[in-house]
Structures are given as C-alpha cells and as structure tokens.
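Student: coords below, sequence missing:
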C-alpha cells in the first residue's frame, strides 16, 4: 500500500511539473509578441544611378514582416522634388486575425510582392536629386504615427544630392563629415530622427555620366549621412549590397554630374609623418591640409597668431622632408568666401610663403618648396556657400601641401603664378 501511495504522489508531481513547463512555454511565447513596425522607404530611381536592388533581405524581409505584423509602410521618391508616393497601414480587422497562420502568411507575402514591385517602378519625375529633402519627408511621414514598436527609414540610392542644402556640387565631398554636419546644424537643416533608425544601401553606386567615387569619397559620404542622422538623434546603419546594372536606355530627368576632386585631401596628422620618416612612403601622395586651427594666422595677415605652436606643428613635416630629399612639395594657400580679389589672392599666397619660410628655417631646401595663392575660386577643394563664419568657412582657410609632381599640383601651376 505504501508503494502505491508513493507512486501516485510521484505521478501527480510529474503531471504538475509537465503542466507547469507547458504553461511557462506558452506564456514565454506570448511575452514576446511580434514587433509592429512603421517603415518608410526612400528610393532613388533617377539618372546617374545604378539600378535599385530590391532582392536583398533588408527590403524583402522588412516589407514582409512589416505587413505580416500589421505595420505601416511609406514610400518616398527621391528626385529634385521628393514626394510621398505610397503611405498605408497594413492593420486588419480583428475578426480576420483569427484566420489560420498559413492564410495570414500567404496574404502578407502577396501584399509584400505587390509593394516591392511597385517600389521598383518608382522613378524620378523632376530633374536633379535631393536626398536631404527626401529624408525630411520620410521623417514627417513617420513622426505623426503612434502605437508602433519601431520606426525605420530605408534609403536605396547614391546619396549624391545635386540640389538643395546638401548639394555636393558645392564640393562637400572634400570636407570632413563633421564640418558638413556642423554646417547643416548651423542652418537648422537636420531633421529630427529621434526614435528612428536609418538604413542605407547602394550609397555611392553611381552610373555614367557621373564619375565613380573613390573608396575615400564613399567613406566620406557615409560619414556625412551617418553624422547628420546621429546629430538628429537617430541611429544610422549602412547596408552593403551589390547594385543592379544601370538601365542606360531609361529616359529619366537629367541629374547634373558632381565634379569630384581627383585627390581628396587628408588632414595633417603628425603621427603619420613621424611613422613614415624612415621608410620610402610618400606621405604627399594625397594632398595634406594644414587647417586654420593647426596653423593659425592673425586675421587678414600672414603672421602666425602663435609662432611657437606653428613651429611645433611644422616640425614633423620638415623632418620628414629632410629625410626624403627626392620629394618636392607645393604649398597652396586658400581663403574663405566665394569671391576673390587682389587682396584675397595675395593673402593666401603670403600665408603659404610664411609656412614655406618656416620649413626652410627648419632645414628644408627652399628649392624644393613652391608656394602659391589660390584664394577661393581656384581652390579645387573649396566648400561653396559656406560664408565667412563657422567650421565650414574655417576649413576653407587652409594651407594645402601637395607633391609638386602630382597632376593636381601641375594643374594648379597652370592657373597660378608662383
């Protein structure tokens, strides 16, 4: 009898344990409901762009899961005058949500296919392209929505705007990303990305007649958009995916090719010169910028504000040149503003001459240094429309060091008098 009682007790405990585990499993599934997302796509089907690739998981999975979980999808066309071409909630009446999982899955797949096909057919109506305006429109599309677990913007396009505030024809690709972001912030042109994650694919995937971007220029483009999204309180994620071939037969409104500088300048880093002092590497394969902060001049003069600091900055450059006697350099002075005068040209040259004099004092043969003044108009890295104040204007006041035998230096010599 005792054994029977024990067996019954054990059996009851096992049943209770199984029941408890089953109950926990069921509750765990209910504790993690599917995410209800609001997504806005920005698609750049315009001239000078590779074809849009809608086959990757970022597009396919996002569209399907958003529809399946009763979310929201918007679509913005990115051209010279961006517009919302689709905006819809995919919620359904509660009575239909009780349908079988297979039925709900099939309906979601069908709707997802229709949306993706429609996005592939979205093309530009207006000439040029303004990605910043398109982003702002996408933010506005999402900002008024409530009751969603997440908000996302997915951009598919080159990012190379040719009109509006973020017009890369203004040579913004030559600037450091933080300079461009600060310029946009000064003009109150950064949208409020709070609570929004921005995904971007095919950035820099241009097509003829637009000249291809270098790897460094692509990184700058990512830095600019990533910086402005983060400055607006959002999260930026770049998605690497291969573009579709460009459709050269497609008739689309014209997009002005952005003139990209052959050599994108890098900012002076004394560590680079110190580490390269004993090898054969030519640090001036790319132009090197001495910023207004690194070599500061008295306003409208060619005199250092702090001669000791200027000497400390130029010391590693001089040491490098002394140890690499085969390298000759050009010093090109530049100024802020978008207009030139005899004064600005003379001032930019005088400042380059001042730097030249310091390098000579530090032991560099004067015959190896050419000094020229470019002012602003002849500066191939000049950021246009930056004015005279702020970080963008400051970056236009600089002295650029180039290998004197480079194509860029030779081109400058052909339009300047040393």
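Tutor: Thanks, I have the structure now. No experiment lies behind these values; they were computed from the predicted model shown.
Student: report the contact partners of residue 244.
Tutor: 50-53 (Cβ atoms under 8 Å, 6 or more residues apart in numbering). Backbone N, C-alpha and C define where each C-beta goes, glycine included.
Student: in JSON lines: the residues you listed, plus neighbour count, pLDDT and secondary structure.
Tutor: What follows is these, written out as JSON lines (neighbours: other Cβ atoms under 10 Å; pLDDT from 0 to 100; DSSP: H, G, I helix; E, B strand; the rest coil):
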{"residue": "50", "neighbour count": "20", "pLDDT": "93", "secondary structure": "coil"}
{"residue": "51", "neighbour count": "16", "pLDDT": "91", "secondary structure": "strand"}
{"residue": "52", "neighbour count": "22", "pLDDT": "92", "secondary structure": "coil"}
{"residue": "53", "neighbour count": "17", "pLDDT": "93", "secondary structure": "coil"}
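Student: out of those residues, which one sits closest to residue 309?
Tutor: Taking Cβ to Cβ as the measure, residue 309 lies nearest residue 50 of the contacts of residue 244, at 47.0 Å.
Student: which residues in the protein form strands?
Tutor: 37-43, 72-77, 83-89, 150-156, 196-201, 235-239, 266-267, 288-290, 329-334, 369-375, 399-403 (DSSP state E).
Student: go through the ones you listed and pick out the most buried.
Tutor: Of all the strands of the chain, strand 329-334 has the most neighbours on average by mean count of other Cβ atoms under 10 Å, namely a mean of 27.
Student: picking that back up, closest to residue 220 out of the strands of the chain?
Tutor: Closest among these, once you apply Cβ to Cβ, is strand 266-267, at 10.8 Å.
Student: and the closest one, how far out from the chain middle?
Tutor: 17 Å (Cα atoms, centre = their mean, to the nearest Å).
Student: do stretch 37-49 as well
Tutor: Worked out by Cα atoms, centre = their mean, stretch 37-49 lies 16 Å from the chain centre.
Student: neighbours of residue 342, just the number please.
Tutor: Residue 342 is flanked by 8 other residues according to other Cβ atoms under 10 Å.
Student: that one and residue 349, how far apart?
Tutor: 11 Å (Cβ to Cβ, to the nearest Å).
Student: so what's residue 319 up against?
Tutor: 273-274, 277, 362 are the contacts of residue 319 under Cβ under 8 Å, 6+ apart.
Student: buried residues in stretch 292-311, which are they?
Tutor: 292, 294-295, 297, 302, 304, 310 (16 or more other Cβ atoms under 10 Å).
Student: and the contacts of it?
Tutor: Counting by Cβ under 8 Å, 6+ apart, 268, 313-314, 347, 350-351, 353-355, 358, 362, 394-395, 397-399 sit against stretch 292-311.
Student: which one of those sits closest to residue 149?
Tutor: residue 395 (41.1 Å).
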